[in-house]
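K.L.:
Please find the sequence and the predicted model below.
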Amino acid sequence: MDHQNDAVSTTNSCSKKPFDKSGSFYDNLKNRFDGFVNTPMKEHKDCFKLSWHRMIDRFSTKTASANEEVQTPVAVTDHQPASRN
């Protein structure tokens, strides 16, 4: 197994290539599709894992900040019920 190819594939996963402004929409779409089809499955898996972890991190951060807002202590004053005499 070639370790150099593994390093290249993990660094290229999820790479977004800019559109070729001089090309037509069809040419850009064809190039994107060809790039997707010709990408090794390991690279697709790495990209999916990276995207999944990013999504979980964002959700965890938002949930944690929402929980902090809900759990902030509220100043409570000691109210004694009025005596009934």
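P.N.:
On my side now, so go ahead.
K.L.:
Next, the buried residues of the helix or strand Arg58 falls within.
P.N.:
Secondary-structure assignment from DSSP states H and E places Arg58 in helix 41-70. Neighbour-count burial for helix 41-70, counted by 16 or more other CB atoms under 10 Å, picks out 43, 46-47. All C-beta spots, glycine's among them, are computed from the backbone N, C-alpha and C.
K.L.:
list the helices and strands that helix packs on?
P.N.:
When contacts are defined as 3 or more CB pairs under 8 Å, 6 or more residues apart in numbering; DSSP states H and E, helix 41-70 sits against helix 3-12.
K.L.:
what element comes up after the helix it packs on heading to the C-terminus?
P.N.:
Using DSSP H and E, the helix or strand that directly follows helix 3-12 along the chain is helix 25-37.
K.L.:
Now do that next one: everything it contacts.
P.N.:
Contacts of helix 25-37 with the rest of the structure, by CB atoms under 8 Å, 6 or more residues apart in numbering, involve 17, 19-20, 23.
K.L.:
Quick one: mean pLDDT over the helix holding Arg58.
P.N.:
The average of the pLDDT scores along helix 41-70 is 86.
K.L.:
got the angle for that helix vs helix 25-37?
P.N.:
Compare the direction of helix 41-70 with that of helix 25-37 by axes from the mean of the first three to the mean of the last three CA atoms, to 10 degrees and you get 100 degrees.
K.L.:
returning to what we had before: how about the buried residues of helix 41-70 in a markdown table, adding distance to Gly35?
P.N.:
What follows is these, written out as a markdown table (distance: CB to CB, whole Å):
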| residue | distance to Gly35 |
| --- | --- |
| Glu43 | 11 |
| Asp46 | 15 |
| Cys47 | 12 |
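K.L.:
ok, of these, which one's closest to Thr61?
P.N.:
Distance ranking of these against Thr61, using CB to CB, places Cys47 first at 21.4 Å.
K.L.:
Next one: the closest one from Asn38, what distance?
P.N.:
14 Å (CB to CB, to the nearest Å).
K.L.:
cool, and Trp52?
P.N.:
When distance is defined by CB to CB, Trp52 is 23 Å away from Asn38.
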